[in-house]
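Asks: mind looking at a prediction? Sequence and model below.
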Amino acid sequence: MDKLVFPILADSDRRLPVYVDIIGHWNNQETIDRQQGFPHYQWLQSTGGEGELWIGDEKFAVKAGQGFCLFPGVPHRYYAVRDPWDVYFISFGGSLAKDLLGQAGIKEPGLYSVTDSEMIVAHLRGISAMAESGLPFLGLECSKLLYLFLLDLMKVVQVSTQSAEQYYMRLNPVIRYIEQHIDSVLTIQDLSSRIGVTPQYLCRLFKQLMGMRPMEYVNRERINRSKELMFLGREFKMQEIAAKVGFDSASYFSTVFKRMEGMSPEQFKKMHGIH
């Protein structure tokens, strides 16, 4: 069933980090030709039939299970090539929209494959139901659901050949190994051997998923674990805490802690009232 919902937005709603402009569904997507583009970001999820998408002079064949993202002001057109072309869509804006899309690997308009089309459709249906519910603070409630949708795009959008979810599954044995051996000496060779790849390839996987190198992740895990110990084991001396999270000296532990947290371990304890 075709559906098109325009949530009623107050001026304050349009100042939210993300907000929903239009949400809807077409049983058979009609031809759209926008030579001047559209004022908001859009995500369109194809669930049946096939279509063609043009962004500028570039053509994409859109199949069921794929989605495409359109950026504000970018000329585009799309139309069905095999009826019925079933499409769910959302139009949205806000100061964080571009950054959240970028974190999902969507840095330019175009066609994207996803690993879980049903999850995306479930999100869009939920936002649509909220948009037509008439509940108080409607713009705010739709914004919350849109934010969750954009976060989940980070897990399922395929950039190059793998989605973030696939990267995580590949890295999971390494992450578990780090957690279980945080008090031991860990090297990049140790970590890469857990999944049978080279240290260089492991660095690439970590950069894709975590945005950091493996040993930086190790140090962040150690510092987080040290903060837990400061709260839960108040009787521990700083040298003991350093050893329990894999540092061979309290001075080096303090140096890394200050670099990551912007304060020394002692300042951290004082700020949180730990004696």
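Replies: Here it is on my side, so go on.

Asks: so where do the helices sit in the stretch 51-200 of the chain?
Replies: Along the stretch 51-200 of the chain, the stretches classed as helices by DSSP state H, counting those that start in this stretch are 97-103, 117-131, 138-156, 164-180, 188-193, 199-210.

Asks: any chance of those helices in CSV, with distance to Val256 and mean pLDDT too?
Replies: Placement of C-beta: from N, CA and C, glycine included. Formatted as CSV, the entries for the helices of the stretch 51-200 of the chain read as follows, by distance: least, C-beta to C-beta, whole Å; pLDDT from 0 to 100:
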stretch, distance to Val256, mean pLDDT
helix 97-103, 26, 94
helix 117-131, 38, 95
helix 138-156, 28, 94
helix 164-180, 15, 83
helix 188-193, 17, 94
helix 199-210, 17, 85
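
Asks: can you say which of the ones you listed is nearest to Glu52?
Replies: Shortest distance between Glu52 and those, using C-beta to C-beta, is found for helix 117-131: 18.8 Å.

Asks: ok now the closest one, how far from the chain's centre?
Replies: The chain centroid and the centroid of helix 117-131 are separated by 17 Å under C-alpha atoms, centre = their mean, to the nearest Å.

Asks: buried ones in that helix?
Replies: Of the residues in helix 117-131, Ser117, Ile120, Val121, His123, Leu124, Ile127, Ser128, Met130, Ala131 count as buried by neighbour count, 16 or more other C-beta atoms under 10 Å.

Asks: verify the stated contact: the fifth one with Thr47.
Replies: This means Leu124. No - if you go by C-beta atoms under 8 Å, Leu124 and Thr47 don't touch, sitting 10.0 Å apart.

Asks: got any ranges where this structure has weak pLDDT?
Replies: By pLDDT under 70, the weakly predicted segments of the chain are 1, 158-167.

Asks: so which residue is smack in the middle of it?
Replies: Within the chain, one residue has its C-alpha closest to the average C-alpha position: by C-alpha atoms, centre = their mean, that is Met154, at 3.1 Å.

Asks: pretty sure it is touching Leu101, no?
Replies: No - applying C-beta under 8 Å, one finds Met154 not in contact with Leu101, separated by 9.3 Å.

Asks: just the CA coordinates of stretch 249-256, formatted as CSV?
Replies: Output in CSV follows, covering the C-alpha atoms of stretch 249-256 (Å, rounded to 0.1, in the frame of the first residue of the first chain):
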residue,chain,number,x,y,z
SER,A,249,55.6,0.5,35.0
ALA,A,250,53.4,2.9,36.7
SER,A,251,55.1,5.9,35.0
TYR,A,252,54.4,4.6,31.5
PHE,A,253,50.8,3.8,32.5
SER,A,254,50.4,7.3,33.8
THR,A,255,51.9,8.7,30.5
VAL,A,256,49.4,6.8,28.4
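
Asks: turn the helices of the stretch 51-200 of the chain into JSON lines, columns for distance to Arg14.
Replies: Formatted as JSON lines, the entries for these read as follows, by distance: least, C-beta to C-beta, whole Å:
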{"stretch": "helix 97-103", "distance to Arg14": "12"}
{"stretch": "helix 117-131", "distance to Arg14": "15"}
{"stretch": "helix 138-156", "distance to Arg14": "8"}
{"stretch": "helix 164-180", "distance to Arg14": "30"}
{"stretch": "helix 188-193", "distance to Arg14": "46"}
{"stretch": "helix 199-210", "distance to Arg14": "33"}
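
Asks: those helices: which one's closest to Lys269?
Replies: Set against Lys269 and scored by C-beta to C-beta, these come closest in helix 164-180, at 23.7 Å.

Asks: which other helices and strands contact that closest one?
Replies: In terms of contacts (3 or more C-beta pairs under 8 Å, 6 or more residues apart in numbering; DSSP states H and E), helix 164-180 is packed against helix 138-156, helix 188-193, helix 199-210, helix 214-232.

Asks: what's the closest of those helices to Asn172?
Replies: Go through those one by one with C-beta to C-beta and the one that ends up closest to Asn172 is helix 199-210, at 10.3 Å.

Asks: picking up where we left off before, between the helices of the stretch 51-200 of the chain, which gets nearest to Gln66?
Replies: Gln66 sits nearest to helix 117-131 of all the helices of the stretch 51-200 of the chain, at 7.9 Å, using C-beta to C-beta.

Asks: by how many degrees do the closest one and helix 138-156 diverge?
Replies: Angular relation of helix 117-131 and helix 138-156 on a 0 to 180 degree scale: 170 degrees, by axes from the mean of the first three to the mean of the last three C-alpha atoms, to 10 degrees.
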